[in-house]
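1. okay, here's the prediction I keep looking at, along with the sequence it came from:
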Amino acid sequence: MSHTANNGVLRRTKIIATLGPASDAPGAIEALIAAGVNVVRLNFSHGTKEHHAARIQAVRDAAHKLGREVGVLADLQGPKIRIEKFEEGKVLLQAGDPFTLVCSADAAPGDRNRVGMSYLGLIDDVVVGDTLLLDDGLMAVRVDAIEGVEIRTTVLTDGKLSDRKGLNRLGGGLSLGALTEKDKRDIITAAELKVDFVAVSFCRNAADMNEARALLREAGWEAALVAKIERAESIPLLGEIIDASDVVMVARGDLGVEIGDAELPGLQKKIIRETLERNKVVITATQMLQSMVESPIPTRAEVLDVANAVIDGSDAVMLSQETAAGNYPTKAVEAMVRICLGAERQFEMDTDFEAAPRNLARVDQSIAMAAMFLAEHIKVRAIIALTESGGTARYLSRFRSEVPIFALSRHAGARRRMAMMRDVFPIDFDTRGLPPREAAREAIRRLHALGHLHEGDRVMITSGDSMENQGATNTLRMLEVGPAGKAEGLGDL
C-alpha cells in the first residue's frame, strides 16, 4: 500500500477529485488514483444510478489493483435555484434593461425581457431593493417590484445569460429547504451503492443534517455526512452544523456569491478553524485549479490559494471541473500533490495544548490528546492507532503535528473514511484473536515490512483491551523498533 509521493515523502493533505466525462476514458480513474487521489466525488446533479455504480466499481477495482484506500463521496444536488430555458438558448442583457422573473409553472420559454424560475417560492422570499445574482454572480439584477407571479427587476451588469443558470440572493435568506425530493431519493441510492460520504448541499442548520442522517439510516447505511457551507444564513449557525456533521466543506462558489468575494478569505479561515476545534474533518473546495480545465499548468494565484488552504489546516482540498471535464485531469492531480507537499514543508504547527479541551468525557479522546502531547515532547517516528471505526485516528489528527498517524483497521469502510483525514494513513490490519500486546507487536512488524518503520525508530501505539469494540481505546504504549521489525522496550504509558 503506497502512501508516498514519488520522492518517498508522506503527503499529509488529502486530495478529492470529481469524476465526470474526462475520467470515463479507459484507464483514467486508475491514473487519477495513481497520481494521488484519496477520495473521488460523484456529482449527483448528473447521471443515473447505473452510471454512478459503474464509476464506483471502476474506483474500487483501481484502488484494489494499486493497493490504495480510496473513499467515495456522493454529492447531493440540493436546492439549486435556477432560471428556466430561453427560446433561443441565451440572451444578451445590458445594464438598465428591465427583466422579469416569472414564478409560474407554465411560464413560456424566456426572451430578453423575461424568463421562468425553477423555484416558484422565490416570489415570497424577495423584497423590493434586493440584489439577485445570476450565473455564479457574473450578472446582477435589482428587484424593483413584485406583482402577482412576476418579480420585476432592473439589470445591473451587462452580459449573456443562458439556460438553467443559478440564482442567489445577495446576503442569502432564501427559505428553500436543503433536501429536495430528488435528494431524498438520491440518499437511498447512495445507501444502496454503499458510498463512504454523503454531502448535503446548501444546508442551513443542524436539522438539515439530522434529517439527512435519519434518511440514510432508514436506508440501512452509515456513511459519513458532509455539510457543504454555501449559504450566508448558515454562518451564524456554523457551530451546530459542525456538531451535526462528520465533515465540513468550505464550498466557496455559492458562498462567495452570497456573502461577497471580500468576505470569503476570512470566512474560509474561520470555518476551517472552528471545524478543527470541534474535532471534525474539513475540506476546502471550488475553483482551486480552475485554469487547469484548459491549461496544463496552474496559475501562481491558484498555487497560493491551494497552499494557503493547506497551511490553514484543511484535511482535504478538492478538484471539481478540473478532473470531471478538464483537458488535463491527471496533471491537475499531480499539480495538487506538488503544491500540498510544498506547503506542508513550510507548515509549522505548534499545538497549543493549553487551549485544548478540558474534562474530556471520552477515554479514547483523552488517550489521543495524551499521545499528541507526548509526541510534541518525545521524539517519535510515528503514532500507530489500532482502531475499529477510525474515531481515535480522527481525534489524533485534530492535533496538527509533524508525526504521521498510521491507522490500522480491519474494516474497509473505516479505512476509506480515514482516507479523508489529514496526517492519517489507513492500513488493512486485523487484530481479532490477538491480545493487545501481540497486536501491537504485529502492527510494528507490518509497518516495518511496508517500509514505514526502521530499526531504532520509536513509536507510540494506541489500542484497547477489547479491540473488536468501537470507542474502546484505553491504552497508550511506547516502543522501539528492533531488528527485523521486532518490538522492543514495549511498555504502557
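-> Perfect, I can see it now.
2. going by C-alpha atoms from here, please, whenever you check contacts or count neighbours.
-> OK.
3. low-confidence ranges in this protein?
-> 1-8, 348-361, 465-471, 488-493 (pLDDT under 70).
4. can you give the domain ranges for it?
-> Under the assignment automatic domain parsing, the domains of the chain span 14-79+177-345, 90-169, 353-492.
5. okay if I get those domains as a markdown table plus mean neighbour count?
-> Shown next, in a markdown table, are the domains of the chain (neighbours: other C-alpha atoms under 10 Å):
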| stretch | mean neighbour count |
| --- | --- |
| domain 14-79+177-345 | 20 |
| domain 90-169 | 18 |
| domain 353-492 | 20 |
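6. touching, residue 167 and residue 139? I think so.
-> No. Counting by C-alpha atoms under 8 Å, residue 167 does not reach residue 139; the two are 9.6 Å apart.
7. quick check: neighbours shared by these two?
-> Jointly contacting residue 167 and residue 139 under the rule C-alpha atoms under 8 Å, 6 or more residues apart in numbering are residue 133.
8. and the helices in the stretch 51-200 of the chain?
-> Using DSSP state H, counting those that start in this stretch, the helices of the stretch 51-200 of the chain run over 122-125, 181-192.
9. out of the ones you listed, flag the one nearest residue 69.
-> Closest to residue 69 of the helices of the stretch 51-200 of the chain, according to C-alpha to C-alpha: helix 181-192, at 18.9 Å.
10. contacting residues for the residue lying closest to residue 87 once chain neighbours are set aside?
-> Leaving aside its chain neighbours, residue 87 sits nearest to residue 109 (5.0 Å; criterion: C-alpha to C-alpha, 6 or more residues apart in numbering). Applying C-alpha under 8 Å, 6+ apart, one finds that residue 109 lies in contact with 84-87, 115-116.
11. how about the residues you listed, which pair is most distant?
-> 87 and 116 (11.1 Å).
12. pull up the overlap in contacts between the two.
-> Common neighbours of residue 87 and residue 116 (C-alpha under 8 Å, 6+ apart) are 109-110.
13. quick one: closest of the helices of the stretch 51-200 of the chain to residue 474.
-> helix 181-192 (32.3 Å).
14. give me the helices and strands touching the closest one, please.
-> Secondary-structure packing of helix 181-192 (3 or more C-alpha pairs under 8 Å, 6 or more residues apart in numbering; DSSP states H and E): helix 206-218.
15. neighbouring contacts of the helix it packs on?
-> 177-179, 184, 187-188, 191, 200, 203, 222-223, 225, 227, 237, 240-245.
16. which of those fall within strands?
-> Mapping these onto strands (DSSP state E) picks out 200, 225, 227.
17. just these now: which is nearest residue 395?
-> The closest of the ones in strands among the contacts of helix 206-218 to residue 395 turns out to be residue 225 (C-alpha to C-alpha; 17.1 Å).
18. is it true that the closest one touches residue 201?
-> No. Using C-alpha under 8 Å, residue 225 makes no contact with residue 201, being 10.9 Å away.
19. show me what contacts residue 315?
-> 13-14, 281-283, 420-422.
20. let me see the contact set for the closest residue to it other than its chain neighbours.
-> Excluding the flanking residues, the one nearest residue 315 by C-alpha to C-alpha, 6+ apart is residue 422, at 4.4 Å. Residues counted as contacts of residue 422 (C-alpha under 8 Å, 6+ apart) are 12-14, 314-316, 397.
21. gap between residue 422 and residue 208?
-> Using C-alpha to C-alpha, to the nearest Å, residue 422 is found at 26 Å from residue 208.
22. now do the strands in the stretch 51-200 of the chain.
-> Applying DSSP state E, counting those that start in this stretch to the stretch 51-200 of the chain gives strands spanning 71-75, 90-93, 98-102, 114-116, 131-134, 139-147, 150-155, 159-162, 167-169, 197-200.
23. pull up the pairing partners for the first one, direction included.
-> The one in question is strand 71-75. Take DSSP bridges as the rule and strand 71-75 pairs in its sheet with strand 39-43 (parallel), strand 197-200 (parallel).
24. so who does residue 225 touch?
-> Contacts of residue 225 (C-alpha under 8 Å, 6+ apart): 197-200, 209, 213, 245-247.
25. one step back: in TSV: the strands paired with strand 71-75, plus distance to residue 231.
-> Putting these into TSV (distance: least, C-alpha to C-alpha, whole Å) gives the following:
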stretch	distance to residue 231
strand 39-43	19
strand 197-200	12
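26. any idea which of these gets closest to residue 461?
-> strand 39-43 (26.3 Å).
27. only C-alpha atoms, please: export that closest one in CSV.
-> The C-alpha atoms that make up strand 39-43 are tabulated as CSV, following Å, rounded to 0.1, in the frame of the first residue of the first chain:
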residue,chain,number,x,y,z
VAL,A,39,-11.4,10.4,-2.4
VAL,A,40,-13.5,10.6,-5.5
ARG,A,41,-16.6,12.8,-5.7
LEU,A,42,-19.7,11.7,-7.6
ASN,A,43,-21.9,14.7,-8.5
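28. isn't there a helix covering residue 268?
-> Yes. Using DSSP: H, G, I helix; E, B strand; the rest coil, the assignment for residue 268 is a helix.
29. measure it to residue 34 for me?
-> Distance from residue 268 to residue 34, by C-alpha to C-alpha: 30 Å.
30. ditto for residue 56
-> 16 Å.
31. ditto for residue 88
-> 44 Å.
32. what of residue 120?
-> From residue 120 to residue 34 the distance is 46 Å (C-alpha to C-alpha).
33. for residue 55, same thing?
-> Distance from residue 55 to residue 34, by C-alpha to C-alpha: 16 Å.
34. cool, residue 169 as well?
-> 41 Å.
35. hmm, residue 38 is touching residue 69, no?
-> Yes. Between residue 38 and residue 69 there is a contact at 7.0 Å, judged by C-alpha under 8 Å.
36. shared neighbours, those two?
-> In contact with both residue 38 and residue 69: residue 419, using C-alpha under 8 Å, 6+ apart.
37. count the residues that sit near residue 171.
-> Counted by other C-alpha atoms under 10 Å, the residues lying close to residue 171 total 17.
38. and it, what are its phi and psi?
-> phi 90, psi -10 (degrees, to the nearest 10).
39. quick one, what contacts it?
-> By C-alpha under 8 Å, 6+ apart, residue 171 lies in contact with 232-233, 258-259.
40. and residue 152, by the same measure?
-> Applying C-alpha under 8 Å, 6+ apart, the residues near residue 152 are 98-101, 143-146.
41. who touches stretch 182-200?
-> 44, 49, 53, 71-78, 178-179, 209, 212, 215-216, 219-221, 223-228, 413, 416-417.
42. how about stretch 326-341?
-> 5, 11-13, 15, 17, 22-23, 28, 31-32, 35-37, 289, 292-298, 303, 306-307, 310, 319, 322-323.
43. the residues you listed in helices, which ones?
-> 28, 31-32, 35, 303, 306-307, 310, 322-323 (DSSP state H).
44. quick check, nearest of those to residue 385?
-> For these, the nearest to residue 385 is residue 310 (23.6 Å; C-alpha to C-alpha).
45. the closest one reaches residue 342, doesn't it?
-> No. Assessed by C-alpha under 8 Å, residue 310 is found out of contact with residue 342, at 9.7 Å.
46. can you tell me, leaving aside adjacent residues, what's nearest to residue 403?
-> Per C-alpha to C-alpha, 6+ apart, closest to residue 403 is residue 382, 5.4 Å.
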